[in-house]
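> coords please:
(chains A and B)
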Amino acid sequence: MAVTVKIPTQLRAAADGAAEAEVEGETVGEVLDDLFERFEELRERISQDGGELRRFVNVYVGGEDIRFLDGLDTPVADGAEVTILPAVAGG
Amino acid sequence: MSPSGAELIRQIKGQINEVDPAEVHDLVDDGVALVDVRETEEFNSGHLPGARHVPRGYLESRIEGAVPDRSQRVVLYCASGNRSALAAHTLSQQLGYEHVESMTGGITLWKDRGYEVEVPRALTTEQRERYSRHLLIPEVGAEGQQKLLDSSVLLLGAGGLGSPAALYLAAAGVGTIGIVDNDEVDLSNLQRQVIHTTDRIGTSKVDSAEETMRAINPDVRVVKFPTRLGAENIMDVLQARAWDVVVDGLDNFPTRYLLNDATVRLGIPVVSASILGFDGQLSVFKPHEGPCYRCLYPVPPPVELAPSCGANGVLGVLPGTMGLLQATEVVKLIVGAGEPLVGRLLLYEALGATFTELKVRRDPDCPVCSRDPAEISDEEMGVFPDYEAFCAAAG
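Got it, this is the predicted structure:
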């Protein structure tokens, strides 16, 4: 199942400069694991040791924040878009 | 031989009914059509409460719109009772109005008697011209324009986001614009901070911004705060006036969290934008009607992912785009038009030319907006672990 993950500017250096990636997975957790397989550096940037997301990272599936869905267990449909989003403060 | 003008008026007054202001005063709420026949500028400077306005020059063509029922009692008045006498003559003799009177002494005598005068909140001739393109769209119109003129908007930062927002809000006729910025104009600002100019390098940004805004629109009152917003002054700045909206164009996380906590406490909506590289984010945080900044971002990112602590690159046009989206949201909030970006986060990615909309929900456990605003103490505002220290470490 192909899912598009959108990678924010601040994390692209850890993803070989990619702005998005096509990965596989049926839940957000699986999608992120597949992403981390490709870009190992991303794992430590946004995941804690126990596999949970670090608190400053927001992840959206289909425009919804997974904090208000099932977190990493949130199902991801084929063709869905997953957005990783940290806060930005520039003005 | 033809009579003199004064003589004609005297003759006509003999042919019509006149009524004393004292009697009119008792009739105001009594189903009488009060018609002011003076010129528009005279009417706009004050008229009898509830009066309809039909300038004498348009009497024949407009009276039916104002008083369709010819059997209704009509009291006409002008400044001193002459023009209304002539108008009363026309209505009764030529247009068939059955019960027409002219008020003796006009509004001058009315005022001398100490009766109430209503001053309409009307746009000046110049304002009608200046804002004519707003007046033509019903979502703004004269009422919305008046709201803009009465409004007070606080801009945090006269930088990348604040510059374009300030230009357009001034042009739109926002009556009072506050600007908080303690910086001076630098050559490296001019690639994007379009309110400033090359010849103002070295001058204070609030002065420079004021000069440009006043040049665009003298209607705008600019309130300058040449200071760095911090815990020690934020409540004073936010309470300096009854700000309708705050525009967040801040360049750092500590102040963004501080601003959120203070505005939630005070119930002031914030139109927030941030930029990095080719990416922009935009949302409206309307306290207790939608989520707040902490609902969206419970904690800031670590310093290696928060390049905004120090200098970082940005496409010069990007803050223009985002600042104008902010200005648009401000105008919508003030005039009450459309769907404000409450509970939604808009992402703009300039390289791909894409907009993405994400939902932002109120966090029922939000440490700030889930509580009674009165309980948010000064000590708690803007607090999160060691952020000032780590931004300082990042330079």
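
> chain center to stretch B:97-107: distance?
Centroid displacement of stretch B:97-107 relative to its chain, using C-alpha atoms, centre = their mean, to the nearest Å, is 39 Å.

> buried residues in it?
By 16 or more other C-beta atoms under 10 Å in any protein chain shown, the buried positions in stretch B:97-107 come out as B:97, B:100-107. In short, each C-beta sits where N, CA and C put it, glycine included.

> so where's chain A uncertain?
A:1 (pLDDT under 70).

> for it, what spans make up the helices?
Assigned by DSSP state H, the helices in chain A fall at A:28-38, A:40-46.

> And those: which comes nearest residue B:256?
Relative to residue B:256, the nearest member of the helices of chain A by C-beta to C-beta is helix A:40-46, separated by 20.7 Å.

> coming back round to it: so which of the helices of chain A is the most packed in?
Neighbour counts averaged per stretch over those are highest for helix A:28-38, at a mean of 19; criterion: mean count of other C-beta atoms under 10 Å in any protein chain shown.

> Now tell me what touches that helix from outside.
Here helix A:28-38 makes contact (C-beta atoms under 8 Å, 6 or more residues apart in numbering or on different chains) with A:3, A:5, A:15, A:21, A:23-25, A:42-43, A:46-47, A:51, A:53, A:59, A:61, A:66, A:71-74, A:76, A:82.

> Among those residues, which ones are in strands?
Counting by DSSP state E, the part of these found in strands is A:3, A:5, A:21, A:23-24, A:59, A:61, A:82.

> from these, which is closest to residue B:382?
If you rank those by distance to residue B:382 using C-beta to C-beta, residue A:59 comes first, at 25.9 Å.

> show me what contacts that closest one?
For residue A:59, the residues meeting the contact criterion (C-beta under 8 Å, 6+ apart) are A:28, A:32, A:53, A:65-66, A:82-85.

> could those be laid out in TSV, adding distance to residue B:364?
Listed next are the contacts of residue A:59 as TSV, based on distance: C-beta to C-beta, whole Å:
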residue	distance to residue B:364
A:28	21
A:32	26
A:53	20
A:65	13
A:66	16
A:82	24
A:83	23
A:84	24
A:85	21
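
> Pick out the most distant pair among these.
The most distant members of the contacts of residue A:59, if one measures by C-beta to C-beta, are A:32 and A:65, lying 14.9 Å apart.

> Contact partners for residue 11?
Using chain A. Residues in contact with residue A:11, defined by C-beta under 8 Å, 6+ apart, are A:42, A:45-46, A:84, A:86, B:305.

> um, chain B though
Counting by C-beta under 8 Å, 6+ apart, the residues that residue B:11 touches are residue B:3.

> Could you tell me whether it really is in a helix?
Yes - assessed by DSSP: H, G, I helix; E, B strand; the rest coil, residue B:11 belongs to a helix.

> List the buried residues in the helix or strand harbouring residue B:111.
For residue B:111, the host element (DSSP states H and E) is helix B:106-112. Buried positions in helix B:106-112, judged by neighbour count with 16+ other C-beta under 10 Å: B:106-107, B:109-110.

> Equivalent analysis for stretch A:49-60, please.
The neighbour-count criterion (16+ other C-beta under 10 Å) identifies A:53, A:56-60 as the buried residues of stretch A:49-60.

> now for those, which pair is the farthest apart?
In terms of C-beta to C-beta, these reach their longest pairwise distance at A:56 and A:60, which sit 14.5 Å apart.

> Name the residues that touch stretch B:17-27?
Defining contact as C-beta under 8 Å, 6+ apart, one finds that stretch B:17-27 is touched by B:32, B:34, B:48, B:73, B:75, B:77, B:81, B:85, B:88, B:100-105, B:109-110, B:113, B:115.

> sorry, back to before: which single one of the buried residues of stretch B:97-107 is nearest to chain A?
residue B:107 (52.9 Å; C-beta to the nearest C-beta).

> Distance-wise, check the closest one relative to residue B:121.
In this structure, residue B:107 and residue B:121 are separated by 18 Å, where distance is defined by C-beta to C-beta, to the nearest Å.

> Close to chain B: what parts of chain A are there?
With C-beta under 8 Å from any C-beta of the partner chain as the criterion, chain A comes near chain B at residues A:6, A:8-11, A:19, A:45, A:55-58, A:60, A:63-65, A:67-68, A:83, A:85-91.

> give me the residue from the stretch 1-150 of chain B nearest chain A.
Checking the stretch 1-150 of chain B residue by residue against chain A with C-beta to the nearest C-beta singles out residue B:148 as nearest, at 23.8 Å.

> That residue is in what secondary structure piece?
Going by DSSP H and E, residue B:148 is in helix B:141-150.

> Buried residues of that helix, list them for me.
Buried residues in helix B:141-150, counting neighbours by 16+ other C-beta under 10 Å, are found at B:141, B:144-149.

> Stretch B:54-64 now?
B:54-56, B:59, B:63.

> which ones are touching the closest residue to residue B:244 other than its chain neighbours?
Here the nearest residue to residue B:244 in space, its sequence neighbours aside, is residue B:151; by C-beta to C-beta, 6 or more residues apart in numbering or on different chains that works out to 4.8 Å. Contacts of residue B:151 were listed using C-beta under 8 Å, 6+ apart, and they are B:174-176, B:244-245, B:334.

> can you check residue B:156 too?
If a contact means C-beta under 8 Å, 6+ apart, then residue B:156 has A:91, B:162, B:180, B:229, B:246-250, B:255, B:259 as its contacts.

> Now with 10 Å, please.
Residues in contact with residue B:156, defined by C-beta atoms under 10 Å, 6 or more residues apart in numbering or on different chains, are A:91, B:162, B:178-181, B:225, B:229, B:234, B:237-238, B:246-251, B:255-256, B:259, B:270, B:272.

> Check residue A:90 too.
Residue A:90 neighbours (C-beta under 10 Å, 6+ apart): B:159-161, B:249-252, B:273-277, B:279-281, B:306-309, B:312-314, B:318-319, B:322.

> Give the buried subset of those residues as a PyMOL selection command.
Selecting in PyMOL just the buried members of the contacts of residue A:90, where the criterion is 16+ other C-beta under 10 Å, is done with this command:
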select buried, chain B and resi 159+160+161+249+250+251+252+273+274+275+276+277+279+280+281+306+307+308+309+312+314+318+319+322
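
> can you narrow the contacts of residue A:90 to ones near chain A?
When the contacts of residue A:90 are checked against chain A using C-beta under 10 Å from any C-beta of the partner chain, the ones in range are B:159-161, B:249-252, B:273-277, B:279-281, B:306-309, B:312-314, B:318-319, B:322.

> can you tell me which of those residues are in strands?
When these are checked against strands using DSSP E, the ones located there are B:273-276, B:279-281.

> As a quick check, tell me the outermost residue of chain B.
Distance to the chain centre peaks in chain B at residue B:1, reaching 59.0 Å (criterion: C-alpha atoms, centre = their mean).
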